[in-house]
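In: here is my input; please provide its structure:
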Amino acid sequence: MDALFGVVNVPSGIWIDEDGIIVRPPEPAYPRRPTFLDRAVPPDASPAERERIDLVKALHVEAERYVAALRDWASRSTSRGRGGDSRYALSPDEVVRRSRPRPIDEATAAAHFALGQALHARGAQAAAVDHFREAHRLHPTNWTYRRDAWSLAGPDRELVYHTSWVDEVKREGVENYYPPLQL
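Out: So this is what the prediction gives:
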C-alpha cells in the first residue's frame, strides 16, 4: 500500500493518499484506548491529584472509531489500489472546509511559539517565556502551545505561567480538550 498515515502532533493524524493528496486533515488519532482513561485514583491521592485524574479520565477519546475508519481506508487502498473508495476519505473541497482557517492572531501566535521554542533551545529561557506567553494570549485555546510551554518550564510551570493544566481544562471544559471526530 502506498497510502500514508502520518502523525502530525500526538495524538493527531493526517491521511495522505497514494498521489500525495491529503484525504483527511489533522484530527485526534489515538491508535488504541489510552490507559489514562482507566486509571484508578489511589486511595492516598490528594484532592488535587484526585481532581487531575478525574479530569484526565473524562477526556473524550474515540480511538476505536478512528482506527475502524483508518482500517477501512487502508484496506480499500490495498484491495482496489485506491483508498478513495472509503467513505472516510474526503474530497479536496471537504478537506479544505474541515481545515481550520488561520486568522492573523493565530498565525502570529504560531510565530511567537516557534520563536519561544528556538530561544529555549538556545538557553534563553526568560525570552522564550515571553514569546510563549504571547502565543497563549493570541491563541488561548491552543493546547499544544500550553502543554509544550509548561513542559519546558519544568516544575515551576505554574509560577511561570500563573495557571495549570487543571485550571485551563476546567476553564475551557474537558469536553473541548479534544475535538469530536467528524467521520
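In: tell me which helix or strand the nearest residue to residue 85 once chain neighbours are set aside sits in.
Out: The shortest distance from residue 85 to any non-neighbouring residue, by CB to CB, 6 or more residues apart in numbering, is to residue 76 (4.6 Å). Every C-beta, even on glycine, is put in place using the N, C-alpha and C of the backbone. Following DSSP states H and E, one finds residue 76 within helix 63-80.
In: quick one: buried residues of that helix?
Out: Within helix 63-80, the residues scored as buried using 16 or more other CB atoms under 10 Å are 63, 66, 69, 70, 72, 73, 74, 76, 77.
In: format those residues as a markdown table; extra columns: distance to residue 113 and pLDDT.
Out: Listed next are these as a markdown table, based on distance: CB to CB, whole Å; pLDDT from 0 to 100:
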| residue | distance to residue 113 | pLDDT |
| --- | --- | --- |
| 63 | 27 | 93 |
| 66 | 26 | 94 |
| 69 | 30 | 94 |
| 70 | 29 | 93 |
| 72 | 35 | 91 |
| 73 | 31 | 91 |
| 74 | 33 | 87 |
| 76 | 37 | 79 |
| 77 | 35 | 70 |
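In: which helix or which strand is home to the residue nearest to residue 134 when sequence neighbours are not counted?
Out: Among residues not flanking residue 134 along the chain, residue 112 sits closest, at 4.4 Å (CB to CB, 6+ apart). Taking DSSP H and E as the definition, residue 112 sits inside helix 104-121.
In: direction included, what does the longest strand seen in the chain pair up with?
Out: Identified as the longest strand of the chain according to DSSP state E is strand 22-28. Strand pairing for strand 22-28, using DSSP bridges, gives strand 12-16 (antiparallel).
In: perfect, that will be all.
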